[in-house]
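**Student:** coords below, sequence missing:
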């Protein structure tokens with residue numbers, strides 16, 4: 001596991017990985033290492049449309065957790081769906097970096113429980129919006 005000035009991120013990674021694994025369901029696991037866990041799904045019609053009708057690759061990442069230099073990132077592509085994003089608390093929103101990434105340096109049970117709920121909603125919304133099949 002990687003370490004930074006703020007300590008070992010193994011517990012943070014393990015907690016976030018458990019959240020994601022709980023919701024992986026039929027999604028394909030593309031990475032499962034000590035520093036990254038990623039799930040993917042077949043591309044849907046909305047993704048194909050955004051790609052101009054041409055298949056760039058058969059699957060796209062849906063969510064992943066990864067240890068970086070200074071934090072653990074939790075990427076959730078479906079959070080960009082407005083209804084899912086609107087359900088997020090101010091505290092979790094403060095952890096956002098960009099449009100689909102949350103950064104953590106410590107285990108935060110309340111925020112991880114919220115991420116648990118948002119992960120389920122995000123994957124369902126991503127599928128409903130036809131970005132994944």
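**Tutor:** Okay, I see it. Worth saying up front: this structure is predicted, and the values here are computed from it rather than measured.

**Student:** looking at the protein, which strand is longest?
**Tutor:** In the chain, taking DSSP state E as the definition, the longest strand is strand 59-67.

**Student:** quick one: residues in contact with the next helix-or-strand element following it.
**Tutor:** Sequence-wise, the next helix or strand downstream of strand 59-67 (DSSP states H and E) is strand 72-76. The contact list for strand 72-76, computed with Cβ atoms under 8 Å, 6 or more residues apart in numbering, reads 9, 12-13, 16, 19-20, 61, 63-66, 97, 100-105, 115, 118-119, 122. C-beta: built from backbone N, CA, C; applies to glycine.

**Student:** repeat that with 7 Å
**Tutor:** Judged by Cβ atoms under 7 Å, 6 or more residues apart in numbering, the contacts made with strand 72-76 from elsewhere in the structure are 9, 12-13, 16, 63-66, 100-104, 115, 118-119, 122.

**Student:** next one: stretch 107-123
**Tutor:** By Cβ under 7 Å, 6+ apart, stretch 107-123 touches 11-12, 15-16, 19-20, 22-23, 62-63, 74, 76, 78-79, 84, 87-89, 91-92, 95, 102.

**Student:** at 6 Å instead, please
**Tutor:** By Cβ atoms under 6 Å, 6 or more residues apart in numbering, the residues outside stretch 107-123 that reach it are 11, 12, 15, 19, 23, 76, 78, 79, 84, 89, 92.

**Student:** of those residues, buried ones?
**Tutor:** 12, 15, 19, 23, 76, 78, 79, 84, 92 (16 or more other Cβ atoms under 10 Å).

**Student:** residue 37: which of the residues you listed is nearest?
**Tutor:** Set against residue 37, the nearest of these by Cβ to Cβ is residue 19 (10.2 Å).

**Student:** apart from its chain neighbours, what residue comes closest to that closest one?
**Tutor:** Distances taken as Cβ to Cβ, 6 or more residues apart in numbering put residue 116 closest to residue 19, at 5.0 Å, once the chain neighbours are dropped.
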